[in-house]
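> Provide a 3D model corresponding to the input given below.
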Amino acid sequence: MLYLCQLLKSGELNQIYFLSIKHLIITIIHQINYFFVNKIKAIVIDDEPGAISSLEFILNLYKDDIELLGNAREIETGWSLIHRVKPDLVFLDVEMPRGSGYDLLQRFPFRTFEVVIVSAYNAIPQKLAAHKPLRYINKPIDPTEIKKVIDAFRQKKISAKKK
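Numbers count the residues shown, from 1 in each chain. As a prediction, the model looks like this:
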């Protein structure tokens with residue numbers, strides 16, 4: 001920015017170009033701050049307390065990137081939690097006693113959050129693929145998978161902003 005100011009003072013840079021470049025730089029800085037400073041708000045929906053604890057432990061390893069807002073052990077409380085805290089990202093188990101991850105996603109025809117399917121099963125039901133989850137993660141969870149989720153989430157948001 002200092003270099004641009006020097007060019008403007010020397011007369012080598014037109015003021016209109018200077019303002020355009022300055023605006024572009026400020027826009028880029030704001031986008032960087034938004035995508036790399038703001039934490040991703042996340043929740044976990046899984047019927048297994050051990051799976052929730054394990055995932056929350058791993059998510060806390062990435063506490064500079066992810067803010068964990070809560071968890072739910074069934075579809076109804078998960079639905080309420082989503083409406084109450086408005087997460088950016090939902091880590092969702094596939095099979096639960098009182099409904100499936102698919103059942104929950106059916107209630108959100110226009111989602112404002114991304115979904116990461118977390119499952120002990122290698123084969124993910126095809127009907128879940130229609131909901132376009134951000135990623136699939138198999139249990140037990142490898143902590144490096146969470147970093148991939150963070151990167152995929154941020155990349156998707158950056159790509160959406162460009163459109």
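> gap between Val44 and Ser159?
25 Å (Cβ to Cβ, to the nearest Å). Just so you know, the C-beta spots here come from the backbone N, C-alpha and C atoms, and that holds for glycine as well.
> of these two, give the one with the bigger neighbour count.
Taking other Cβ atoms under 10 Å, Val44 and Ser159 do not tie; Val44 has more neighbours (27 against 9).
> okay but the more buried one is in contact with Ile52, surely?
Yes - counting by Cβ atoms under 8 Å, Val44 touches Ile52, with 5.4 Å between them.
> which neighbours do the two have in common?
Asn71 (Cβ atoms under 8 Å, 6 or more residues apart in numbering).
> which ones are touching Glu56?
Glu56 neighbours (Cβ under 8 Å, 6+ apart): 44, 68, 71.
> quick check: phi and psi at the first one.
Backbone torsions of Val44, given as degrees, to the nearest 10, read phi -120, psi 130.
> who does it bridge with?
Bridge pairing for Val44 (DSSP bridges) gives the partners Asn71, Phe91.
> okay, it: pLDDT?
What the model reports for Val44 is a pLDDT of 97.
> wait, what's in contact with it?
Val44 touches 52, 55-56, 59, 68, 70-72, 90-91, 118, counting by Cβ under 8 Å, 6+ apart.
> which intervals of this structure have sub-threshold pLDDT?
1-37, 122-131, 161-163 (pLDDT under 70).
> in the helix or strand where Ala152 lies, what counts as buried?
Per DSSP states H and E, Ala152 falls inside helix 143-162. By 16 or more other Cβ atoms under 10 Å, the buried positions in helix 143-162 come out as 145-146, 149-150, 153-154, 157.
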